[in-house]
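Student: Need a 3D model of the sequence below.
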Amino acid sequence: MSDLRLDPRHVRRVLSSAGLHARHRLSQNFLADVEVLEGILAEADPRPGRAVLEIGPGLGILTGGLLASGAAVTAVELDSGLAAYLRDAYVAELEAGQLRLIEGDALDQDLVRLVEPPYDVVANLPYHITSPIMHRLLGQPPRAGRLVLMVQREVAERIAAPVGEMSYLSVFVQYHARARVAFRVPREAFEPAPKVESAVLVLEPYDTDDRLDAAAEDQLWRLVQAGFRERRKMLHNVLRRQLPIEAGRVDAALAAVGIAPDRRPQTVAVGEWIALSEAIGPLPGGR
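Tutor: Residues are numbered from 1 along each chain as shown. Predicted coordinates for the structure are as follows:
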């Protein structure tokens, strides 16, 4: 794909010829760098016949690379003008059934049921929908085998953060999947250039057997959310204030799992949260 002509000027010409423009309201920034495109495709590793869910195909630049590999692509595009452009650009693939285009908001879709498993996900996610999309893709089965996501760099680093820099989102994602930042993407790789850097985040979900049951998961997220409401405070003080249980239960549970009461929430690993949730026992108002 190294002979592909792709740069900001080319993207501007394509938009102009199609009567389109980048819509700031939708956080539209179109990929305009061949090396980044090839890097994403290398991480996604699309193969003939493999189902791929693409969120936000835009001008179809990444879509074309996925289709060229032989993958069967289901693409969800919110912008009606871009959807029309894609229908014209990929007539043959649509008619052959290799490409399926869904025009609409990804947040309104039952994403994990749009394609038959096994499948992978490739997406260029605007900052404001990153968290809800993560919850939809990871929070219920059937989960993808791999997710390759272009997100804001700070968000990618927060999701893949090590113990000591954790957040609610990093605990949630790392409970469900191995997470790593594959590479950073400079502002200049897009047209128009966004105000912040991006990064490609790779998630590889764990087997379903590694997860808690629904009631235990519900309790776990109530606990983690409570902990991160005051992320800079000592854990025993935060949980005493935020959980609807006696303070003694909090102290006893922390002692039982070996978590020092003066630790901060960002220092607690996923496994420690799980152990703490089990030690605390059922919370009032749960399932």
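Student: contacts and neighbour counts: CA atoms only from here.
Tutor: Will do.
Student: C-terminal to the strand or helix carrying Gly39, what's the next element?
Tutor: Gly39 is part of helix 34-44, with elements assigned from DSSP states H and E. The element immediately downstream of helix 34-44 (helix or strand, assigned by DSSP H and E) is strand 51-55.
Student: still on that earlier bit, which residues does the helix holding Gly39 contact?
Tutor: By Cα atoms under 8 Å, 6 or more residues apart in numbering, the surrounding residues in contact with helix 34-44 are 1-2, 4-7, 31, 62, 65-66, 120, 122, 146-148, 182, 185, 189, 200, 202.
Student: quick one: buried residues of that helix?
Tutor: Going by neighbour count (16 or more other Cα atoms under 10 Å), the buried part of helix 34-44 is 34, 36-37, 40-41, 43-44.
Student: for stretch 102-114, same thing?
Tutor: If you call a residue buried by 16+ other Cα under 10 Å, then stretch 102-114 has these buried ones: 102-103, 106, 111-112.
Student: With stretch 192-208 instead?
Tutor: 192-194, 197-206.
Student: Quick check: end-to-end length of it?
Tutor: Distance across stretch 192-208, first residue to last, is 40 Å (Cα to Cα, to the nearest Å).
Student: quick one: contacts of it?
Tutor: Contacts of stretch 192-208 from elsewhere in the structure, counted by Cα under 8 Å, 6+ apart, are 8, 22, 29-30, 40, 43, 138, 143-154, 156, 176-187.
Student: Now the terminal residues of stretch 67-79, how far apart.
Tutor: Between the opening and closing residues of stretch 67-79 there is a gap of 21 Å (Cα to Cα).
Student: Go ahead and name everything in contact with it.
Tutor: With Cα under 8 Å, 6+ apart as the contact definition, stretch 67-79 has outside contacts at 46-58, 63, 66, 83, 97-106, 114-115.
Student: Name the residues of that stretch that come out as buried.
Tutor: 67, 71-79.
Student: Where does the record place the domain boundaries for the protein?
Tutor: Domain assignment for the chain, taken from automatic domain parsing, gives 8-210, 214-280.
Student: okay, how far is it across the last one, tip to tip?
Tutor: Its first and final residues considered, domain 214-280 spans 17 Å by Cα to Cα.
Student: how far is that domain from where the chain is centred?
Tutor: The chain centroid and the centroid of domain 214-280 are separated by 25 Å under Cα atoms, centre = their mean, to the nearest Å.
Student: tell me the mean pLDDT for that domain?
Tutor: Domain 214-280 comes out with an average pLDDT of 96.
Student: A strand includes Ile102, no?
Tutor: Yes. Assigned with DSSP: H, G, I helix; E, B strand; the rest coil, Ile102 falls within a strand.
Student: Would you enumerate the residues in contact with Ile274?
Tutor: With Cα under 8 Å, 6+ apart, Ile274 has these contacts: Leu220.
Student: quick thing: my sequence starts at 53, can you match it?
Tutor: Done: numbering now begins at 53, and the last item shifts to Ile326.
Student: That one falls within a helix, correct?
Tutor: Yes. Under the criterion used here (three-state DSSP), Ile326 sits inside a helix.
Student: if I look at it, how far off is Phe224?
Tutor: Taking Cα to Cα as the measure, Ile326 falls 11 Å from Phe224.
Student: what does Tyr142 give?
Tutor: Using Cα to Cα, one gets 37 Å for the distance from Tyr142 to Phe224.
Student: Alright, calling it a day.
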